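Student: 3D, please:
(one chain, ligands or ions: 1)
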Amino acid sequence: MPNRYDLLIRGGLVVGGSGIRKADVGIKGEQIHAVEPELPQQEASRVIDASGKYVMPGVIDVHVHPVYEDNMGGLSLTAAHGGTTTLVHFAYAKPGTKLIDTIKKYQEEGSQNSFLDFGIHGALFDPSSQIGEIPKVIDLGVASFKMFMTYAKLKWMTDDYSLTDAMDLIAECGGLAMVHAENGLATDYLEDRSLKKGEDQKEVFLKTRPDYLEAEAIFRALSIAAITHCPLYIVHLSTAMGVGPIERAKAEGRPVYVETCPQYLTLTNEALLQLGPLAKIGPPLRTEVDRLTIWEAVQRGIVDTIASDHAPKVKKKEDPFFEAPYGSPQAESMLTVTYDEGVNTGRIGVCRLAQLFSENPAKIFGFYPKKGTIEKGSDADLVLFDPNRAHVIQHRTQHSKAPYTLYEGRRCLGMPIFSMQRGRILIEDGVMKAKPGGGRFLSTKIKHAED
Ligand SMILES: [Zn+2]
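Tutor: This next block holds a predicted model:
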């Protein structure tokens with residue numbers, strides 16, 4: 001007779017958004033078969049001892065860019081080493097390309113190379129000619145669409161006309177609009193003025209992308225979303241000043257979701273002054289007051305998700321600042337630095353951490369309860385996290401192709417030591433055990449008020 005469980009994870013502390021309990025997790029095939037104390041060990045093909053460890057739902061990182069140093073395969077590898085089991089990638093439909101073709105290309109590449117299950121967001125770089133494709137793209141299983149309110153000079157910016165047009169259609173089709181909220185034209189003016197004056201770019205970087213211009217764009221996006229009745233997801237909230245308008249919109253009961261990133265919770269502009277272009281990200285690293293206010297917003301439930309904005313670029317400290325590209329590697333260090341700054345300091349508990357990293361993203365993008373929770377019938381996507389494992393973050397032990405990490409030498413207490421997806425072991429003893437191409441495409445589905 002075959003065993004009742006293929007794998008039994010024994011004696012760990014099972015973490016969910018609403019609580020924590022000591023229980024065994026029995027896995028059969030791709031799914032969790034039982035979560036109960038004292039499951040019969042003799043009925044399992046393999047037993048893993050998890051005593052003293054947290055058994056957490058795998059991290060669902062909904063903000064990654066597989067178009068730079070890490071492709072969909074490489075990105076899934078580095079993310080997996082950090083405790084992530086599911087990714088949602090931004091598919092960049094550059095001007096002159098069709099959104100549909102781009103989505104299909106990403107679906108194909110992911111199915112061939114990804115170690116992890118993955119979804120896709122459409123990223124519109126040329127909305128006026130790409131918006132019309134939205135209904136067909138939703139049929140392909142992609143229901144979220146990102147637009148940039150910034151990067152005007154790069155010609156990535158969506159103006160308010162197209163933003164309103166897009167949100168109107170996205171709302172009608174049952175999708176979700178996502179925005180990078182910074183006022184692109186005003187920041188470009190400030191940058192030009194500063195370049196003309198020949199100011200030290202690193203010093204003025206913050207001044208050229210000030211908090212007012214993020215808060216203004218957040219308010220504008222919220223306003224356009226309100227009048228078009230469009231669900232809105234604000235990516236990478238970085239500034240204290242953005243919290244107020246978001247809080248009001250949420251109090252009014254509007255479908256507004258907010259993400260922040262580990263870098264805004266664990267670093268400030270001090271890192272920018274030390275590391276120069278390496279720490280050039282958009283929105284910029286901000287002040288200690290911003291960092292603490294974002295933590296407060298996390299604690300008060302204003303922030304819904306934490307995601308990495310993993311965008312690894314080749315950069316050197318000495319590069320000319322304004323020519324250096326935006327972005328940093330974050331996927332692999334995300335869980336451990338956020339745990340260290342959030343849980344070890346007592347700011348949040350481990351259950352809130354599981355909400356931010358797993359449960360909420362699963363709910364927002366329609367993966368729940370298949371993913372984002374450890375329950376009977378859910379996919380066996382889980383991570384063992386050792387809260388007593390001290391370690392030092394170093395670029396040389398990470399798996400991104402980025403030539404650096406912003407956390408070099410940072411000491412952290414607690415790290416993921418084992419992970420699996422749908423019963424397949426991913427990371428064990430620091431090594432990827434699964435094969436590329438084992439990940440599956442996941443359709444996103446957005447919950448609307450009428451549903
Ligand atoms: Zn991003």
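
Student: residues in contact with Met149?
Tutor: By CB atoms under 8 Å, 6 or more residues apart in numbering, the contact set of Met149 is Met157, Thr158, Leu163, Val179, His180, Ala181, Glu182, Asn183, Gly184, Ala217, Arg220, Ala221. (C-beta placed from N, C-alpha, C; glycine too.)

Student: go again with 10 Å.
Tutor: 156-160, 163, 179-185, 213-214, 216-218, 220-221, 224 (CB atoms under 10 Å, 6 or more residues apart in numbering).

Student: buried ones from those, can you make that a PyMOL selection?
Tutor: Command for PyMOL that selects the buried part of the contacts of Met149, burial taken from 16 or more other CB atoms under 10 Å:
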select buried, resi 156+157+158+163+179+180+181+182+183+184+213+214+216+217+218+220+221+224
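
Student: wasn't Asn3 part of a strand?
Tutor: No. The assignment for Asn3, made by DSSP: H, G, I helix; E, B strand; the rest coil, is coil rather than a strand.

Student: show me where the stretch 151-300 of the chain has strands.
Tutor: Applying DSSP state E, counting those that start in this stretch to the stretch 151-300 of the chain gives strands spanning 176-180, 232-234, 256-260.

Student: strands of the stretch 351-451 of the chain, start to end?
Tutor: Counting by DSSP E, counting those that start in this stretch, the strands of the stretch 351-451 of the chain are 382-392, 411-421, 424-428, 431-432.

Student: wait, which of those is closest to Thr150?
Tutor: Using CB to CB as the measure, strand 411-421 is the one of these that comes nearest Thr150, at 31.6 Å.

Student: adjacent strands (with direction) for the closest one?
Tutor: strand 382-392 (antiparallel), strand 424-428 (antiparallel) (DSSP bridges).

Student: pick the most deeply packed of those.
Tutor: Scoring the strands paired with strand 411-421 by mean neighbour count under mean count of other CB atoms under 10 Å gives strand 424-428 as the most buried, with a mean of 20.

Student: pLDDT of that one, averaged?
Tutor: Taken as a whole, strand 424-428 carries a mean pLDDT of 98.

Student: what is the worst-scoring helix or strand of the chain on mean pLDDT packed up against?
Tutor: Ranked by mean pLDDT, DSSP states H and E, the helix or strand of the chain with the weakest confidence is helix 201-208, at a mean of 77. When contacts are defined as 3 or more CB pairs under 10 Å, 6 or more residues apart in numbering; DSSP states H and E, helix 201-208 sits against helix 184-197, helix 269-275.

Student: got the angle for it vs helix 184-197?
Tutor: Relative orientation of helix 201-208 and helix 184-197, computed by axes from the mean of the first three to the mean of the last three CA atoms, to 10 degrees: 150 degrees.

Student: touching helix 201-208 from outside, list them.
Tutor: By CB under 10 Å, 6+ apart, the list of residues contacting helix 201-208 from outside reads 186-195, 197, 199, 269, 272-277, 279-280, 282-287, 320-324.

Student: re earlier: now the strands paired with strand 411-421 in TSV, with distance to Pro245?
Tutor: Below are these laid out as TSV (distance: least, CB to CB, whole Å):
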stretch	distance to Pro245
strand 382-392	34
strand 424-428	39
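
Student: tell me which of those strands lies nearest to Tyr106.
Tutor: strand 424-428 (21.0 Å).

Student: picking that back up, which of the strands paired with strand 411-421 sits closest to Pro416?
Tutor: strand 382-392 (4.9 Å).

Student: could I get that closest one in CSV with only the CA atoms?
Tutor: The C-alpha trace of strand 382-392 is given here as CSV (Å, rounded to 0.1, in the frame of the first residue of the first chain):
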residue,chain,number,x,y,z
LEU,A,382,6.1,26.3,1.7
VAL,A,383,9.3,27.5,3.3
LEU,A,384,11.1,26.4,6.5
PHE,A,385,12.5,29.5,8.2
ASP,A,386,15.1,29.2,11.0
PRO,A,387,14.7,32.2,13.3
ASN,A,388,18.0,31.3,15.1
ARG,A,389,20.2,31.1,12.1
ALA,A,390,22.6,34.1,12.1
HIS,A,391,24.2,35.0,8.8
VAL,A,392,25.9,37.8,6.9
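
Student: looking at the strands paired with strand 411-421, which is nearest to Leu140?
Tutor: Nearest of the strands paired with strand 411-421 to Leu140, taken as CB to CB: strand 424-428 at 25.4 Å.

Student: where in the chain is pLDDT low?
Tutor: By pLDDT under 70, the weakly predicted segments of the chain are 1, 449-451.

Student: mind checking the longest helix of it?
Tutor: For the chain, the longest helix by residue count, based on DSSP state H, is helix 211-228.

Student: which helices and strands does that one pack with?
Tutor: Against helix 211-228 (3+ CB pairs under 10 Å, 6+ apart) you get helix 160-173, strand 176-180, helix 184-197, strand 232-234, helix 243-251, strand 256-260, helix 288-299.

Student: pipe these into a markdown table and attach distance to Pro369 per row.
Tutor: Shown next, in a markdown table, are those (distance: least, CB to CB, whole Å):
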| stretch | distance to Pro369 |
| --- | --- |
| helix 160-173 | 25 |
| strand 176-180 | 19 |
| helix 184-197 | 39 |
| strand 232-234 | 20 |
| helix 243-251 | 23 |
| strand 256-260 | 18 |
| helix 288-299 | 23 |
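
Student: which one of these lies nearest to Gly17?
Tutor: helix 288-299 (13.9 Å).

Student: just checking, what packs against the following helix or strand past the closest one?
Tutor: From helix 288-299 onward toward the C-terminus, using DSSP states H and E, the following helix or strand is strand 305-306. Under the contact criterion of 3+ CB pairs under 10 Å, 6+ apart, strand 305-306 touches strand 59-64, strand 256-260, helix 262-266, helix 334-342, helix 360-364.

Student: just name the most buried of these.
Tutor: Of these, strand 59-64 is the most buried (mean count of other CB under 10 Å), at a mean of 30.

Student: and the angle for that strand with strand 382-392?
Tutor: With the same axes, to 10 degrees applied, the angle from strand 59-64 to strand 382-392 works out at 80 degrees.

Student: quick one: buried residues of the helix or strand following strand 59-64?
Tutor: Using DSSP H and E, the next helix or strand after strand 59-64 towards the C-terminus is helix 72-81. Of all the residues in helix 72-81, those buried under the rule 16+ other CB under 10 Å are Met72, Gly73, Gly74, Leu75, Ser76, Leu77, Thr78, Ala79, Ala80, His81.

Student: show the end-to-end separation of stretch 244-262, please.
Tutor: The first residue of stretch 244-262 is 21 Å away from its last residue (CA to CA, to the nearest Å).

Student: okay, Leu13 and Phe385: tell me how far apart.
Tutor: From Leu13 over to Phe385 the distance is 9 Å, taken as CB to CB, to the nearest Å.
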